[in-house]
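> Whatever this is, show me its structure:
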Amino acid sequence: MSLEDALPDALRFAGLDGASASTQREGLLGALGDGDWRVRREAALALVRSPDRAAVIERLIDRVLGDDIAARNAALDALRTLRAAAAPPVLARLARVVGPRRRFLVEALMEGITAETLPAVRALLDDPDPNLPPAAIEVVSALRDPAATPVLVDALAHRDPVVRIGALLALQARGKSAPLEALLACVHDPLTVRPALAVLLRRPEREAFDGALQCIERGDRHALTAAIRACESLGRVGDPGLSTRLIGAWPRWCAAVLPFSADPREQLAVPAVWMLGHAASEEAAAAVLGALSHPLATVRAAADDALDVLVTHAPTLALRAAAAVSVAQHRAVLRALASTPAPLEVDALAALARVLDDPMVGVDALAALAAHAPEASLDGLWVRVVWASQRWPERDDLGAVADTLLARATAGPRGGEPSFAPTRAGLAVALAWLRAGGSLDPELVDAALASTDDVAVAAGLRLVEALGDRRWSPAAEALLEHPALRGPAIAALRGCRIETAALAGWLTDPRPGHRLMAALSLAERALLPAAMAIALLDDAEPEVALAALHSLGPSTQGPWLHTLLRRGRPMLALEALAMVHASPPAEAMELQQEALAHADASVRIAAASSLDTGSQDARARLYLRLAEERDPEVAMHIERLLDGGGGLTGPGRG
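Here you go, the predicted model:
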């Protein structure tokens, strides 16, 4: 087959169609430096398929050694494609030429090295030219023949760290192991410590593990990061040899890592904290607890994870260490114990019981015991919770403790009704008791609603809500006019019995809380007349107007949405805008257009966001609004939407 027959595309690109074979060859070699990458590619492929391969290879080598970078790269691609056929001529030329460009010829051997040409490439590792050994080790690494392994092992002692690292990475990729002495030497070299540790920590010998430990003990920070992360990965994949090698060595590891848990650098503190969480010493536990207040959020998050591990495997140790550090860290351990699913040992339960009277951590200890104490002791713990609510009246988090405890009591609340105080803590525990099926003295609710503490009053309203329609509370009704407690009061009273006629009378009551209660209750019962709801749209209290708007059916809402948008009340306008999606598309688009011109900036922003920016019509309206907009915040928001920030899918999709 002629060159012309084999390479019509290359000849066409190079403009040599119809020329003689020698002319074509010279033209293709010249085309390797063409400015068009397609011409270079086709020329290289054409030369590779040339019948006169020996002459072509020599000319390709000339191009590799030339000054034209584009031609050099194309020639290198061609030589690599020729694989083993190009290796002997390339090695022969390497022996004859001098200068820095020899390294390009070594790169040409990447695909063509074989066991037969390996000795010649091995000799390049000792070449005095500093550019050749790194290129040569890369070529050796590409050879998958077992004969390459001894060469890689010998390269671990090479004078050039780049060669040593290349050999380490190649051995690791092959799953081959170098002599332990060579690996230990690389571990003690700061330039090769990271890849060396990755190989070393997978060795079964105890000496390999100790070699990594020695790096940390001498304060090598590179070794610290690499070694701990390697151990972390080994532990996560469940390496069966890890636990065996850790026996006896773990205390030394933790002692070496301990100082780094408070290091200001994330890359050192995070892995150190992880390792210390798996330790079994009070010093390591104290370091983990100290890391909870580290200035870096990533280290604090690592400490949280390490604390979970610590309290799962060594809860007594964690408690002992926390008690000796600070109240905040003691509480952190107790909260972790309360959430851990693992059962607690007897010593840990005893340690919790010893601090139940502590005003700083007693409630947290109760929470942990409520989650883990034996079922036989639940009654005694319940008594302790009630006692704690009387001793620490401000601790409303006792309600969660009571919920946990009563949920574990399979028989439900037992015994007579406890005595609950009308305080934050007492009412929280009382609510848990009521939810569990217990009964309450009505006077407790009245006392809570008469309290001067708004938190206690809100707890009392939750009791009224939990009692449902058992009785109407005049004290709760009075709270309808309390601005901060109106919501809880309405929630509490909506389940109580009240006549429809009384609620209808409240619609015209001068007190806004009563009007809102009436509008919500009648709308819930579907008893609010449309005419009255429309009249309430003008109510001075925006929440009453909103309740009335929601009570209207979709067919009635439409015209009034326009009215609300035209009025200047932003809350009503925003609510009307949120409801336009239930309107027909044409009407919704009209409503959105009105909202874009609203006087309030928040309404204009909401209107812009409600448009579907994938619609050409919506984008046109946004551009028009942007041209008229004077508020920089609104203008910036519209620009983000137009730039692809995205808007809500509206009903006016094109």
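> what's the neighbour count on A31?
25 (other CB atoms under 10 Å). No exception for glycine: its C-beta is placed from N, CA and C like everyone else's.
> Could I get the pLDDT score of it?
A31 carries a pLDDT value of 87.
> just checking, it touches W37?
No. With contact defined as CB atoms under 8 Å, A31 does not reach W37; the gap is 11.3 Å.
> Distance of A85 relative to A148?
According to CB to CB, to the nearest Å, A85 stands 20 Å off from A148.
> more neighbours, these two?
The neighbour comparison of A85 against A148 (other CB under 10 Å) goes to A148, with 23 against 14.
> Next, the contact list for that one, please.
By CB atoms under 8 Å, 6 or more residues apart in numbering, A148 lies in contact with 118, 140-141, 170.
> and if we set it to 10 Å?
Contact analysis of A148 by CB atoms under 10 Å, 6 or more residues apart in numbering lists 113, 115, 118, 121-122, 139-142, 170-171, 174, 176.
> so which one among the residues you listed has the lowest pLDDT?
The member of the contacts of A148 with the lowest pLDDT is K176, at 65.
> Contacts for stretch 95-104 next, please.
61, 63-67, 72-73, 75-76, 79, 93-94, 105, 120, 123-124, 127, 129-136.
> Can you turn the buried part of these into a ChimeraX selection?
Buried residues within those, by 16 or more other CB atoms under 10 Å, are selected in ChimeraX with:
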select :61,63,64,72,73,75,76,79,93,94,105,120,124,127,132,133,134,135,136
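> from the contacts of stretch 95-104, which ones fall inside helices?
Secondary structure from DSSP state H places 61, 63-64, 72-73, 75-76, 79, 93-94, 105, 120, 123-124, 132-136 of the contacts of stretch 95-104 in helices.
> related to what we said a few turns ago, which residues do A31 and W37 both contact?
Common contacts of A31 and W37 (CB under 10 Å, 6+ apart): A74.
> now G644, nearest residue through space, not along the chain?
T613 (7.8 Å; CB to CB, 6 or more residues apart in numbering).
> helix/strand/coil for the one you found?
Three-state call for T613 (DSSP: H, G, I helix; E, B strand; the rest coil): coil.
> Could you double-check that it sits in contact with H637?
No. If you go by CB atoms under 10 Å, T613 and H637 don't touch, sitting 11.9 Å apart.
> Next, the buried residues of whichever strand or helix holds E633.
When elements are assigned from DSSP states H and E, E633 belongs to helix 632-640. For helix 632-640, burial by neighbour count (16+ other CB under 10 Å) applies to 634-635, 637-638.
> With pLDDT added, can I get these in a markdown table?
Listed next are the buried residues of helix 632-640 as a markdown table, based on pLDDT from 0 to 100:
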| residue | pLDDT |
| --- | --- |
| V634 | 91 |
| A635 | 90 |
| H637 | 90 |
| I638 | 89 |
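> okay, those residues in a markdown table with distance to L152 next?
Output for those, formatted as a markdown table (distance: CB to CB, whole Å):
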| residue | distance to L152 |
| --- | --- |
| V634 | 65 |
| A635 | 63 |
| H637 | 60 |
| I638 | 62 |
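> Farthest pair within the residues you listed?
A635 and H637 (7.3 Å; CB to CB).
> shared neighbours of the two, which are they?
Common neighbours of A635 and H637 (CB under 10 Å, 6+ apart) are 604, 608, 626, 629.
> do you know how far S451 is from L180?
Counting by CB to CB, the gap from S451 to L180 is 75 Å.
> quick one, which of these two is more surrounded?
S451 (17 against 14).
> Could you verify my assumption that D379 touches A409?
Yes. At 7.9 Å, D379 and A409 qualify as touching, with contact defined as CB under 10 Å.
> Tell me the confidence at A227?
pLDDT, A227: 62.
> cool, L125 as well?
91.
> cool, V361 as well?
90.
> ok, now the one 5 residues further on?
The score at L366 is 91. That number is its pLDDT.
> which residues touch it?
334, 338, 352-353, 355-356, 373, 381, 384-385, 387-388, 395, 397-398, 401-402, 404-405 are the contacts of L366 under CB under 10 Å, 6+ apart.
> mind showing which ranges of the stretch 301-450 of the chain have poor pLDDT?
410-417 (pLDDT under 70).
> Could you check how many residues crowd around the nearest residue in space to A573 that is not next to it in sequence?
Sequence neighbours aside, V603 is the residue nearest to A573 in space, at 4.7 Å (criterion: CB to CB, 6+ apart). V603 is flanked by 25 other residues according to other CB under 10 Å.
> ditto for L546
L546, neighbours per other CB under 10 Å, totals 22.
> Now it. Nearest residue, chain neighbours left out?
Setting aside the residues directly before and after it, L546 is nearest to E575 in space (CB to CB, 6+ apart), at 5.4 Å.
> could you say which helix or strand contains that neighbour?
Counting by DSSP H and E, E575 is part of helix 570-578.
> What are the buried residues along the following helix or strand past that helix?
As assigned by DSSP H and E, the chain's next helix or strand after helix 570-578 is helix 585-596. Using 16+ other CB under 10 Å as the test for burial, helix 585-596 gives 587-596.
> helices or strands next to helix 585-596 in the packing?
Under the contact definition 3 or more CB pairs under 10 Å, 6 or more residues apart in numbering; DSSP states H and E, helix 585-596 sits against helix 554-566, helix 570-578, helix 601-610, helix 616-628.
> tilt between that helix and helix 616-628?
Between helix 585-596 and helix 616-628, the angle comes out at 10 degrees (axes from the mean of the first three to the mean of the last three CA atoms, to 10 degrees).
> how distant is the helix or strand where V140 lies from the center of its chain?
Using DSSP H and E, V140 falls within helix 132-142. Here helix 132-142 is found 40 Å from its chain centre; the criterion is CA atoms, centre = their mean, to the nearest Å.
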